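Trainee: build me a model from this:
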Amino acid sequence: MNTKNNFPLNLNISFESSARAIIDITNWNANVLFELGLLYGLGKNVLLIKHDDGDAPVDLKGIEYVNYDMNNFDEAKKIIKSYMEG
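Mentor: Next up, the predicted model:
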C-alpha cells in the first residue's frame, strides 16, 4: 500500500509511536481537531494549550487546557516540560 499521499494514515502511524502530544487549540482549526480526535481515539496522553488572546473551539471549552502568553511563556514552559518528562 502506498502511504505517501495518505495523510490520515501517516498521522495514525506517527501518533501510534508517540507517547504524548501537545495540541494548540487556539482558534478553530479543523485539522487540529481531527488530530486531537485521532489522538484521543488512540488513547494517547494529550496536553492542550491555548494562547491567552485566542478562543478555544466551543466543543473544547469544557476540557482542561493550559493558557499561555507569548510575552511571558515561562509558566507554560514549566508545565510543558513537566508534562514531557512524564
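Trainee: so residue 56, which of the three states?
Mentor: coil (DSSP: H, G, I helix; E, B strand; the rest coil).
Trainee: sorry, slip of the keys, the one I care about is residue 31.
Mentor: With three-state DSSP as the criterion, residue 31 reads helix.
Trainee: report the central residue of this structure.
Mentor: In the chain, the residue lying closest to the centroid (CA atoms, centre = their mean) is residue 23, at 1.4 Å.
Trainee: am I right that that one sits in a helix?
Mentor: No. Assigned with three-state DSSP, residue 23 falls outside any helix and is strand.
Trainee: for the protein, what spans make up the helices?
Mentor: Taking DSSP state H as the criterion, the chain contains helices spanning 7-16, 30-41, 74-85.
Trainee: out of those, which one sits most buried?
Mentor: Most buried of the helices of the chain, by mean neighbour count (mean count of other CB atoms under 10 Å): helix 30-41, with a mean of 14. Heads up, the C-betas are built off the backbone N, CA and C, glycines and all.
Trainee: quick check: mean pLDDT of that helix?
Mentor: Regarding helix 30-41, the rounded mean pLDDT is 87.
Trainee: check the nearest residue to residue 54 once chain neighbours are set aside and give its pLDDT.
Mentor: Ranked by CB to CB, 6 or more residues apart in numbering and with sequence neighbours excluded, the top spatial neighbour of residue 54 is residue 26, at 3.4 Å. Listed pLDDT for residue 26 reads 85.
Trainee: start at 851, not 1
Mentor: Fine by me, first position is 851 from now on; the one you just mentioned is residue 876.
Trainee: show me what contacts residue 876?
Mentor: Taking CB atoms under 8 Å, 6 or more residues apart in numbering, we find residue 876 in contact with 899-901, 904-906.
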